[in-house]
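Novice: below are the sequence and a predicted model; questions follow.
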Amino acid sequence: MATVKKSKKKPIVTAVSIVLVIAIIVTSVIVVKANSGKAQVALNTISTDTIVESVNATGDVSSGSSREYKVATVATCKEVFVKKGDKVKKGDKLATFNTETLEKQIKSLEVTYNNSRSAYANAVAQRNNAEKMLKSINKQIPSLEKKVNKLSKKSKTTTKKATTKKATTTKPTTTTTTKRVTTAKATTQTTTTTTTTAKSTQSTTKGGYDGVYEDIASISESLTQIANTIVELTDNVKTMNQLLQIVVSTITEAIESGDYDAESIAEKCGEAMSKAIKEGIIDETQLIIESGVAVDMVEAAVKNIDYAAIAANIENSDSAQLTAAQIQLAALYAQREVYQATAGSKLDTTQKQIMTTAKDALDTLRESQQELETGWIASMDGTITECDLKAGEETSALSTGIKLENMNSMVVTISLGEYDVHKVKIGMPANIKTAYGSYTGEITAIAPTATGGSSSSILDSVGSMAGISGLSSLTDTGAGVECTVSVNDPDENIIIGFDADVEVETGTYKNVVVVPIESIVLEKDGTYVYKYNEGEETVTKTRIETGAVSDTQYQVTSGLNVGDKIVATPASDYKNDTFDVKVVSKNELTTQAE
């Protein structure tokens, strides 16, 4: 039997193979473990491109030319010649009206206007008269003040002499009275002498003129109150002046005649005032209240003065003259206050405003009457889109009336936020899309103010960074500026009242550094990308500055250069600003995600 020899090398080869397999397995495990801690990312390479920047918004379609016919007041509709949906030509009659009720309203407004015009003219005259009277009084006051000063000095001198003389004779008079006290005559003499002494003491205590001056100051205040009372009786400057002069002259004449009784002086003032009214010196029609009540008010004010106190200090003719002069001066001061108030009053301005308002209302009503008498006429070719008038029925301010629109002229009104409105200009071309067609147009108007909410919206800020326009117009609080976009060659597919999407190209930027929108991370404090470091196989969160923006990419103004590589689509759960990554293809990354 043959003997087969086995090779001794075979086990060696087998052992080597086993070692290699184990080494490969171990290496693979090590590599997998090494890569398992790295985020897999696909990259974009920064390059240059052209950006066409645009603003996008959705707005309402409306007629570019329309006219609303409304009745500003109540009128009766005679005939209505159109209904909603009718097409009319320029010059066609739309409706006619009966304007009899307007005639009554116009006459009433004419009375109101004429009264307000008279009131304004009177207010101007009052102010002018007050200025003239104030000028006259200011001329009278200095001379009367000199007269008062002269009389006061003379009164002081006379009072001092009288006081000295009485002081010298006081003691002998008292002695004589003591010795002759047993006789009735002596008793009478004693009483008389004692009275004289007391009077002399009173004069010395008050200091002569000083006491008179204190009482006159009180009279001045009372006269001012009388003047204020007269102001309440009339708003006519001439009448004010007449009343005040009558009261002052009556008071002065009473004091000069020795009448110091307040009741008596008040009665005399009332009689003088009634006589002036009866004789037509004072125009009763210029009094705000009934004349009898006016007289009573003046008498009550005159009674407030303590004329008896004044009498106690008047010992000679000089003092009486001084008192009269002081009263006249106080009256001038009171008159000056009244005229200063009237001259500086804004009553004529107020009356002018009232007159102007009445005139505007009257003119508006007359225009409405004229228009309604002629009837409503179509001012252009168009379609009746609203009509709520009925023949024989009265209109009201709430009536819609008739609305005529030119259907051959269409516009779209859009609202832009503060970040977008500054990009558009009148005359810029626009692309308009509806559900059934596309059109061209241009910006024809931009409103000067924003409407619809606060002056800014956080959505505008976010939208601007994300390349989305008009977000503020989608909220209740975001403000927007209305822009009107014309529609070229409108047809039956664009319908008034429906929405339309508008795109306005605001700029073209050629050969600029760009970054895809999906590579950007927007945060409150700025815009970021994750930049790749090929040598270290890491990415780092990097801030960039952007400029123009399109639907797909941003212009980069700083932070990146052409050739730089960035993470194509950063994840939202990155925990670190710098970390290791494994670069894979976009397809591989997409497959793994699936």
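Specialist: It's in.

Novice: pLDDT-wise, which helix or strand of the protein ranks last?
Specialist: Counting by mean pLDDT, DSSP states H and E, the weakest-scoring helix or strand in the chain turns out to be helix 184-206, with a mean of 32.

Novice: beta partners for Gln555?
Specialist: Val514 (DSSP bridges).

Novice: identify the residues contacting it.
Specialist: With Cβ atoms under 8 Å, 6 or more residues apart in numbering as the criterion, the residues that contact Gln555 are 51, 509, 512-514, 546-549. In short, each C-beta sits where N, CA and C put it, glycine included.

Novice: next: Ser345.
Specialist: Residues in contact with Ser345 (Cβ under 8 Å, 6+ apart) are 127, 130.

Novice: what distance do you get for it to Gln353?
Specialist: The span separating Ser345 from Gln353 equals 14 Å under the rule Cβ to Cβ, to the nearest Å.

Novice: now swap in Ser116 and tell me
Specialist: From Ser116 over to Gln353 the distance is 9 Å, taken as Cβ to Cβ.

Novice: for those two, indicate the residue with more neighbours.
Specialist: Set side by side, Ser116 and Gln353 give different neighbour counts by other Cβ atoms under 10 Å, the larger being at Ser116 (19 against 13).

Novice: that one contacts Leu362, doesn't it?
Specialist: No: the pair Ser116 and Leu362 does not pass the contact test of Cβ atoms under 8 Å, sitting 10.2 Å apart.

Novice: which element is Ser415 on?
Specialist: Taking DSSP states H and E as the definition, Ser415 sits inside strand 410-416.

Novice: same question for Lys268.
Specialist: Applying DSSP H and E as the criterion places Lys268 in helix 262-278.

Novice: packing partners of the strand holding Ser415?
Specialist: Helices and strands touching strand 410-416, as assessed by 3 or more Cβ pairs under 8 Å, 6 or more residues apart in numbering; DSSP states H and E, comprise strand 47-63, strand 481-487, strand 499-516.

Novice: Ser136 is nearest to which of the ones you listed?
Specialist: Closest approach to Ser136 among the helices and strands packed on strand 410-416 (Cβ to Cβ): strand 481-487, 60.9 Å.

Novice: pull the number of nearby residues for His422.
Specialist: For His422, the neighbour count with other Cβ under 10 Å is 12.

Novice: just the CA atoms of the helix holding Lys268, as PDB, please.
Specialist: Below are the C-alpha coordinates for helix 262-278, written out as PDB (Å, rounded to 0.1, in the frame of the first residue of the first chain):
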ATOM      1  CA  ALA A 262     -74.500 152.200  50.300                       C
ATOM      2  CA  GLU A 263     -78.200 151.500  49.800                       C
ATOM      3  CA  SER A 264     -78.800 155.000  48.500                       C
ATOM      4  CA  ILE A 265     -75.700 154.900  46.200                       C
ATOM      5  CA  ALA A 266     -76.700 151.500  44.800                       C
ATOM      6  CA  GLU A 267     -80.200 152.800  44.100                       C
ATOM      7  CA  LYS A 268     -78.900 155.800  42.300                       C
ATOM      8  CA  CYS A 269     -76.700 153.600  40.200                       C
ATOM      9  CA  GLY A 270     -79.600 151.400  39.300                       C
ATOM     10  CA  GLU A 271     -81.800 154.400  38.400                       C
ATOM     11  CA  ALA A 272     -79.000 155.900  36.200                       C
ATOM     12  CA  MET A 273     -78.500 152.600  34.400                       C
ATOM     13  CA  SER A 274     -82.300 152.100  33.900                       C
ATOM     14  CA  LYS A 275     -82.600 155.700  32.500                       C
ATOM     15  CA  ALA A 276     -79.700 155.100  30.100                       C
ATOM     16  CA  ILE A 277     -81.400 151.900  28.800                       C
ATOM     17  CA  LYS A 278     -84.800 153.600  28.500                       C
END
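
Novice: separation between the spatially most central residue of the chain and Gly480?
Specialist: Centroid-nearest residue in the chain: Thr449, 15.8 Å away (criterion: Cα atoms, centre = their mean). When Cβ to Cβ is the yardstick, Thr449 and Gly480 sit 11 Å from each other.

Novice: then Leu109?
Specialist: Computed as Cβ to Cβ, the Leu109 to Gly480 distance reads 41 Å.

Novice: same thing with Ala330?
Specialist: Separation of Ala330 from Gly480 (Cβ to Cβ): 68 Å.

Novice: repeat for Ser108
Specialist: 44 Å.

Novice: equivalent analysis for Ser264, please.
Specialist: As it turns out, when the distance is counted by Cβ to Cβ, Ser264 lies 80 Å from Gly480.

Novice: those two: which is more packed in?
Specialist: More neighbours sit around Gly480 than around the other of Ser264 and Gly480, counting by other Cβ under 10 Å; the figures are 26 against 12.

Novice: that one contacts Ala450, correct?
Specialist: Yes: counting by Cβ under 8 Å, Gly480 touches Ala450, with 6.2 Å between them.
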